[in-house]
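Trainee: return atomic coordinates for the entry below.
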Amino acid sequence: MGPGQPAQTLQRALTTAGVRAGDGVVVPSYGTCEVVEAVRQTGAMPVFVDIDADSYCVDPAAVQAAVTHRTAAIVAVHQFGHRADMARLGQLAERRGLLLVAHEGEQSTSVETAMRRANAAYLSQRLTDVITPRVRPGAAHTFLQYVVRVPGNGRPDRDAFARTLRARGVRCRIPVQTPVHRMPPFRRDIWLPETERAADECLALPVEAGLTRRELHRVASVCNGLGGLLQPA
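Mentor: Model (predicted):
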């Protein structure tokens, strides 16, 4: 599936369900702009809501607070491979007569997913100086990305941690540089505290299926070796 196809599929789903110009569609700001762009292509208005601090998916309580008479749909993004709370979102959508659409990430085989989960479990058992991913009880996580939080003073410490990892040969990336609601084409004058905090603290470490145990051990070793460099304020 090409990079533009999930957004096109989402746009078709919204349009087919009758979402029209002027309708409100609840979306997360923490993630890529393709979901928001798909909503705008229908003529609807993206309504940004905050995320759950553990799953990085939309917080059902925040969604409920954002629903108005103009709301037509909720888009739940399964973030980094962690499934959104579809049970609670589904109950809300049913009560309010809203469309609920799940936006899937990239697809992978069951073997790849099993290997990523095993790699994630290995890292979570060995990492000591970052906050490892949390999985909501009963939820599924395929670990398309292994996202940790770097403790300390937010973005400066996270960025310094990332630079040092790269200098020592460990690949890493910042999963969301800027929340969508702060990007110029989509800017809103709102404050989403968990979204802002995640954008400042999160870092994705290698977890792909092809990693060897030796490579994973090095990732954990290098990360743990930086614990004395960056301490919480």
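
Trainee: which other helices and strands contact the top strand by length along the chain?
Mentor: If you go by DSSP state E, the chain has its longest strand at strand 71-77. Contacts defined by 3 or more Cβ pairs under 8 Å, 6 or more residues apart in numbering; DSSP states H and E place strand 71-77 against strand 24-28, helix 34-41, helix 86-96, strand 99-103. No exception for glycine: its C-beta is placed from N, CA and C like everyone else's.

Trainee: for residue 18, find the nearest of those.
Mentor: Evaluated over the helices and strands packed on strand 71-77, closeness to residue 18 peaks at strand 99-103, with 8.0 Å, by Cβ to Cβ.

Trainee: what angle sits between the closest one and helix 86-96?
Mentor: 160 degrees (axes from the mean of the first three to the mean of the last three Cα atoms, to 10 degrees).

Trainee: identify all contacting residues around strand 99-103.
Mentor: With contacts defined as Cβ atoms under 8 Å, 6 or more residues apart in numbering, strand 99-103 is touched by 6, 10, 13-14, 17-19, 35, 72-78, 84, 86, 89-90, 93.

Trainee: where does the protein dip in pLDDT?
Mentor: Within the chain, the stretches with pLDDT under 70 are 1-5, 105, 228-233.

Trainee: quick one: the helices in it?
Mentor: With DSSP state H as the criterion, the chain has helices at 5-16, 34-41, 60-66, 86-96, 110-126, 155-167, 193-201, 213-225.

Trainee: from these, which stretch is densest packed?
Mentor: Burial of these is given as mean neighbour count (mean count of other Cβ atoms under 10 Å); helix 34-41 ranks first at a mean of 21.

Trainee: can I get it in CSV, CA atoms only?
Mentor: C-alpha atoms of helix 34-41 as CSV (Å, rounded to 0.1, in the frame of the first residue of the first chain):
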residue,chain,number,x,y,z
GLU,A,34,-2.4,12.9,6.3
VAL,A,35,-5.4,12.1,8.5
VAL,A,36,-6.2,15.8,8.9
GLU,A,37,-5.7,16.4,5.2
ALA,A,38,-8.1,13.6,4.4
VAL,A,39,-10.7,15.3,6.6
ARG,A,40,-10.2,18.6,5.0
GLN,A,41,-10.5,17.1,1.5
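
Trainee: who does it touch, helix- and strand-wise?
Mentor: helix 5-16, strand 24-28, strand 45-49, strand 71-77.

Trainee: this completes my enquiry, with thanks.
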